[in-house]
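*Asks:* Kindly generate the corresponding structure for this input.
(one chain, ligands or ions: 1)
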Amino acid sequence: MDSIGVLMPVPMSPYLEQELEKRFNLLKLWTVPQKTQFLKDHSGSIRAVVGNAGNGADAELIETLPKLEIVASFSVGTDKVDLNKCREKGIRVTNTPDVLTDDVADLAIGLALAVLRRLCESDRYVRSGQWKKGDYKLTTKFTGKTVGILGLGRIGKAVAKRAEAFSCPISYHSRTEKPELKYKYYPCVVELASNCDILVVVCALTEETRHIINREVIDALGPKGVLINIGRGPHVDEPELVSALLEGRLGGAGLDVYENEPEVPEQLFELENVVLLPHVGSDTVQTDTAMADLVIGNLEAHFSNKPLLTPVV
Ligand SMILES: O=CC(=O)O
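*Replies:* Purely as a prediction, here's the structure:
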């Protein structure tokens with residue numbers, strides 16, 4: 001398979017690069033200065049693109065690569081891949097579900113604890129020597145808080161399971177009710193937000209879920225409510241979130257994702273009821289390896305005419 005051109009637009013995992021290089025002709029687009037010319041020069045040999053949560057394969061890239069057969073995303077979300085264009089052209093698409101579920105769900109709970117118990121702020125309190133002048137203030141209990149989950153797929157269910165261990169009543173909103181689950185279903189997001197203390201956003205980003213967290217939902221969550229976003233930045237109307245936090249209309253937020261990554265609204269930097277992470281939901285050594293192995297498994301299956309391991313298209 002070493003003559004097969006595999007295009008990687010951005011760096012994502014040294015282990016993945018190393019393993020791809022052992023098997024394919026890996027073309028690292030970020031290392032070349034003249035990207036358009038490079039793509040033209042290699043358009044006859046590039047048969048696969050390996051994208052990620054930030055850089056997938058848009059219609060323009062797909063059109064540039066006439067020999068493209070598969071987009072193997074190093075991510076569970078495929079919102080940066082033009083799925084319709086892929087369907088139209090018979091290009092296969094794969095992602096990396098399941099292997100990252102635990103890490104992302106763990107992080108959701110970590111963010112909720114960090115916001116309510118002010119973990120980052122109290123860490124800064126110790127480091128800056130302020131403890132010597134007096135005790136840190138009281139914070140808010142997490143155990144028993146009502147957790148609302150927006151999107152009860154694999155990761156949503158894993159968040160629910162973890163939150164249950166903290167005695168949190170669970171409710172959710174998703175496109176359809178899941179009667180086999182014992183959690184309370186709300187057919188509308190505003191209702192879910194009005195009836196929970198912590199709202200965790202974990203659904204897929206689609207045209208229907210873009211800005212699903214708007215002013216009405218934020219106000220329904222209210223001055224004691226906490227928003228946790230481990231889904232995608234564009235799920236949230238970010239200027240509305242920022243003004244709600246600045247005006248005290250929302251109790252707090254734990255964010256791993258933003259509308260224009262890596263840009264983060266600077267007004268949030270001063271707020272101690274906000275915890276900001278740089279989109280690291282699945283970024284552990286163990287999961288990086290498992291995701292990379294899945295990307296390679298999908299590419300090897302495709303180029304040996306075997307069924308894909310985790311097909312999306
Ligand atoms: O954001 C990360 C992913 O989609 O895997």
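
*Asks:* residues in contact with Val200?
*Replies:* Shown in contact with Val200 (Cβ atoms under 8 Å, 6 or more residues apart in numbering): 108, 112, 147-150, 156, 159, 228, 230. Every C-beta, even on glycine, is put in place using the N, C-alpha and C of the backbone.

*Asks:* can you rerun that using 7 Å?
*Replies:* Val200 makes contacts with 108, 147, 149-150, 159, 228, 230, as judged by Cβ atoms under 7 Å, 6 or more residues apart in numbering.

*Asks:* so which of those residues comes closest to the ligand?
*Replies:* Nearest to the ligand, judged by Cβ to the nearest ligand atom, of the contacts of Val200 is Ile230 at 8.3 Å.

*Asks:* That closest one touches Ala105, doesn't it?
*Replies:* No: counting by Cβ atoms under 7 Å, Ile230 does not reach Ala105; the two are 8.3 Å apart.

*Asks:* between those two, which one's more packed in?
*Replies:* When Ile230 and Ala105 are compared for neighbours, Ile230 comes out ahead with 28 against 24, by other Cβ atoms under 10 Å.

*Asks:* re the thing from before, so of the contacts of Val200, which ones are in helices?
*Replies:* Of the contacts of Val200, the ones assigned to helices by DSSP state H are 108, 159.

*Asks:* For ChimeraX, what selects the buried ones among the contacts of Val200?
*Replies:* Buried residues among the contacts of Val200 (16 or more other Cβ atoms under 10 Å), as a ChimeraX selection:
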select :108,147,149,150,159,228,230
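
*Asks:* For the contacts of Val200, work out which two are farthest apart.
*Replies:* Val147 and Ile230 (12.7 Å; Cβ to Cβ).

*Asks:* Wasn't Ser282 part of a strand?
*Replies:* No: going by DSSP: H, G, I helix; E, B strand; the rest coil, the assignment for Ser282 is coil, not a strand.

*Asks:* any idea which helix or strand carries the residue nearest to Asp106 when sequence neighbours are not counted?
*Replies:* The shortest distance from Asp106 to any non-neighbouring residue, by Cβ to Cβ, 6 or more residues apart in numbering, is to Arg162 (7.2 Å). For Arg162, the host element (DSSP states H and E) is helix 154-165.

*Asks:* Sticking with Tyr15, tell me its helix or strand.
*Replies:* Per DSSP H and E, Tyr15 falls inside helix 14-23.

*Asks:* Which residues does the helix or strand just after that helix contact?
*Replies:* Using DSSP H and E, the helix or strand that directly follows helix 14-23 along the chain is strand 25-28. Outside strand 25-28, the residues that touch it by Cβ under 7 Å, 6+ apart are 2-8, 17, 20, 42, 45-46.

*Asks:* gap between strand 25-28 and the chain center?
*Replies:* Remark: strand 25-28 is offset 26 Å from the chain centroid, using Cα atoms, centre = their mean, to the nearest Å.

*Asks:* Neighbouring strands of it in the sheet, and parallel or not?
*Replies:* strand 5-8 (parallel) (DSSP bridges).

*Asks:* Only C-alpha atoms, please: export the strand it pairs with in CSV.
*Replies:* Extracted C-alpha coordinates of strand 5-8, given in CSV (Å, rounded to 0.1, in the frame of the first residue of the first chain):
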residue,chain,number,x,y,z
GLY,A,5,-1.2,8.8,-1.3
VAL,A,6,-2.8,9.7,2.1
LEU,A,7,-3.2,13.5,2.7
MET,A,8,-3.1,14.8,6.2
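
*Asks:* and that strand, which residues are buried?
*Replies:* Buried, per 16+ other Cβ under 10 Å, within strand 5-8: 5-8.

*Asks:* likewise stretch 1-18?
*Replies:* Under 16+ other Cβ under 10 Å, the buried positions of stretch 1-18 are 4-9, 12-13, 16-17.

*Asks:* And those residues, which is closest to the ligand?
*Replies:* Met12 (10.4 Å).

*Asks:* Distance-wise, check the nearest residue to the closest one once chain neighbours are set aside relative to the ligand.
*Replies:* In space, and not counting its chain neighbours, Met12 is closest to Asn52: 4.6 Å by Cβ to Cβ, 6+ apart. Using Cβ to the nearest ligand atom, to the nearest Å, Asn52 is found at 7 Å from the ligand.

*Asks:* now Val275
*Replies:* The spacing between Val275 and the ligand, counted by Cβ to the nearest ligand atom, is 17 Å.

*Asks:* Asp237 too?
*Replies:* Counting by Cβ to the nearest ligand atom, the gap from Asp237 to the ligand is 20 Å.

*Asks:* circling back to that earlier point, does the residue nearest to Asp106 touch Ile109 like I think?
*Replies:* Yes: assessed by Cβ under 7 Å, Arg162 is found in contact with Ile109 at 4.9 Å.
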